[in-house]
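**Q** need the 3D shape of this:
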Amino acid sequence: MKQRFMVETKLSNTQLTKIITIFPMFVVLNKCETTLFYQESFVSSPSTPLATEEDDTGIHHLDTDGEDDEVDDGNNGLLPTIRALANLWVKIEPGEAKPFWPTRFGKSLSMVLKTDQSNEVSHTFSASIPQRTLLTWSDQQSAVTAEVSGGLGTEYFITLRPYQLGDAVVRLENLTQYSLLFSQGNTSSGKTLTVPSSKSWLYFWPNPMADRKLFWSVPELKSKHTIAHFSQDFSSQVNCQGHVIYCQSYRDNLQRVLTFSDHESFQQIIHKRNQKEQATLFAFSALDSVRLSLVNSSSLEIALISANQSPSCWSVKLEGADGESRWYDLGEKLSSVIESAYCNCLTEPVYQNRDIEINFRELAFVRPISGVLKRESFPGIKLQYQKSDLSMALQASVNYLQDTVPDRCSAHTIKHSSNIASSRLTTSLKAVVSIERFSLKIDKGFLLSSLDYITNCTKTDTDNYNTVMVSVVFS
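**A** Numbering: from 1, shown residues only. The predicted structure follows:
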């Protein structure tokens, strides 16, 4: 039997003893209030097991009829019987953590669960792909959420916890006059769900190991199967044999909702009710300029890193030939003249010379053209944070970043900004970085010195700490 372990190697605090820690590749945590049983799944669809008997080790053995049902693997060979492979149930108490020793690895590795109140086995779910699966039992009024995490150089954690609001894949709301048919996959041959008119239903995947795509159709209209988009806020309309069905996905508190309606007025009401959330916290900070000086041991400045405010850009709003009003950039030369006058506008609210006249009180051009003025200026560093009940957003921008080595090199970026937005519900992270007018000139000696300094600061003994995955074969 082959097993996989995680092996961690590091030195002790005294740097005299090497510590080797061996721990299992898969760990199961029970955060439910009831006792659960788990085992590896060897079949694509679970079957109801027979009664079980517990031994002194806490491991449950399947009570079989004593007969071995051999299974042909299709290559004139015989696989071990399913009963021989799947005869061990591991008991895990509330708040307990236990290892999971599978016999297979990769995407095909799967598990099944059952409770101490029933012999019915849950649906098979993957134990090696980070995901969340809601498991239910037909003879119980409860559900368990299996959440798989880790796996990127660390052990896998399979957390079993009670159902919470938002664990269901989606809440289906049918506001149409027809019954809607839902299925996992583009076919109605498998397990389907019918949601009658004016009803709603919490949906979970009937086959967690299959492709997780939801399709819907209107049997009364003999419409084709259409994929349902609900991973994010989404609005669309589908023509079903001459009848328009409006679909909208939004989030209601912690639960994702997918609504179907056949009246545009319903769609507009739902859309208006679920517009962007009101921010509960908004904070920002801006600095015109920031400078960081690097000094060597001889008290000589070797580099200067600074972020400065960008030059102000002025534009005027004029009416175009098509009657539409647009903003027109006034250019660097004229913008510098207006900016200089703007800095003195407290003492002279009206600026005029031989060519132009500007009223800074109304922020408008008077001569030679008439139009509203707009001033744009970006600080050296700007941080902005927004938070609502369900999500958060972080925005950071850096303008005119400059790295200067006296008499030798310079590197500057006119505008460099990044935006980070994440939602704690969908655990998604989005980052956008934009760079404009970037030029770089670096002295080779400065680059080598900086690289040598960084290397010395981060240099570690490779034998001090190491984590590897080891496969061990028992015979």
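**Q** any idea which residue of this structure is furthest from its center?
**A** R354 (58.8 Å; Cα atoms, centre = their mean).
**Q** name all residues that make contact with that one.
**A** For R354, no contacting residues are found, by Cβ atoms under 8 Å, 6 or more residues apart in numbering. For glycine as for every other residue, the C-beta is placed from the backbone atoms N, C-alpha and C.
**Q** 632 is where my numbering starts, stick with that
**A** All set: I'll call the first residue 632, so the last point we hit is now R985.
**Q** against P850, how distant is it?
**A** Computed as Cβ to Cβ, to the nearest Å, the R985 to P850 distance reads 80 Å.
**Q** report how many residues lie close to the spatially closest residue to Q886 that is not a sequence neighbour.
**A** What sits nearest to Q886 in space, not counting adjacent residues and going by Cβ to Cβ, 6 or more residues apart in numbering, is G797, at 4.9 Å. Residues contacting G797 under the criterion other Cβ atoms under 10 Å number 15.
**Q** is it true that G797 touches L885?
**A** Yes. G797 is within contact range of L885, at 3.3 Å (criterion: Cβ atoms under 8 Å).
**Q** CA-only coordinates of stretch 864-874, as PDB, when you get a sec.
**A** Provided in PDB are the C-alpha atoms of stretch 864-874 (Å, rounded to 0.1, in the frame of the first residue of the first chain):
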ATOM      1  CA  ASP A 864     -23.700  39.800 -10.400                       C
ATOM      2  CA  PHE A 865     -25.200  39.200 -13.800                       C
ATOM      3  CA  SER A 866     -28.300  40.200 -15.800                       C
ATOM      4  CA  SER A 867     -29.500  38.800 -19.100                       C
ATOM      5  CA  GLN A 868     -32.600  37.900 -21.100                       C
ATOM      6  CA  VAL A 869     -33.300  34.700 -23.000                       C
ATOM      7  CA  ASN A 870     -35.800  34.100 -25.800                       C
ATOM      8  CA  CYS A 871     -37.600  30.900 -25.200                       C
ATOM      9  CA  GLN A 872     -39.800  30.100 -28.200                       C
ATOM     10  CA  GLY A 873     -41.000  33.700 -28.500                       C
ATOM     11  CA  HIS A 874     -41.300  34.200 -24.700                       C
END
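**Q** give the buried residues for that stretch.
**A** By neighbour count with 16 or more other Cβ atoms under 10 Å, stretch 864-874 contains the buried residues V869, C871.
**Q** for it, give me every contacting residue.
**A** 849, 852-854, 857, 860, 875-882, 893, 898, 902, 905.
**Q** same check, this time on stretch 840-851
**A** 675, 741, 755-757, 800-801, 807, 809-817, 819, 834, 836, 854-859, 861, 871, 874, 876, 891.
**Q** now the buried members of those.
**A** Neighbour-count burial (16+ other Cβ under 10 Å) applied to the contacts of stretch 840-851 gives 741, 755-757, 800-801, 807, 809, 811-816, 834, 836, 854, 857, 859, 861, 871, 876, 891.
**Q** among those, which lie within strands?
**A** Counting by DSSP state E, the buried ones among the contacts of stretch 840-851 place 741, 756-757, 801, 811-815, 834, 857, 871, 876, 891 in strands.
**Q** any chance of those residues in TSV, plus distance to I1000 and pLDDT?
**A** As requested, these are exported to TSV (distance: Cβ to Cβ, whole Å; pLDDT from 0 to 100):
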residue	distance to I1000	pLDDT
S741	72	89
F756	69	92
S757	67	90
V801	56	93
L811	60	93
L812	64	92
F813	61	93
S814	64	91
Q815	64	89
Y834	61	92
T857	54	90
C871	56	87
I876	53	91
F891	54	93
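**Q** ok, so of the residues you listed, who is nearest T825?
**A** Nearest to T825 among these is L812, at 5.5 Å by Cβ to Cβ.
**Q** so that closest one bridges to which residues?
**A** Here L812 sits in beta bridges with T825, S848, as judged by DSSP bridges.
**Q** which residue ranges of the stretch 982-1106 of the chain form helices?
**A** With DSSP state H, counting those that start in this stretch as the criterion, the stretch 982-1106 of the chain has helices at 1075-1089.
**Q** now the strands for it?
**A** With strands called from DSSP state E, counting those that start in this stretch, the stretch 982-1106 of the chain shows them at 988-990, 995-998, 1002-1007, 1012-1018, 1023-1036, 1040-1054, 1059-1072, 1096-1104.
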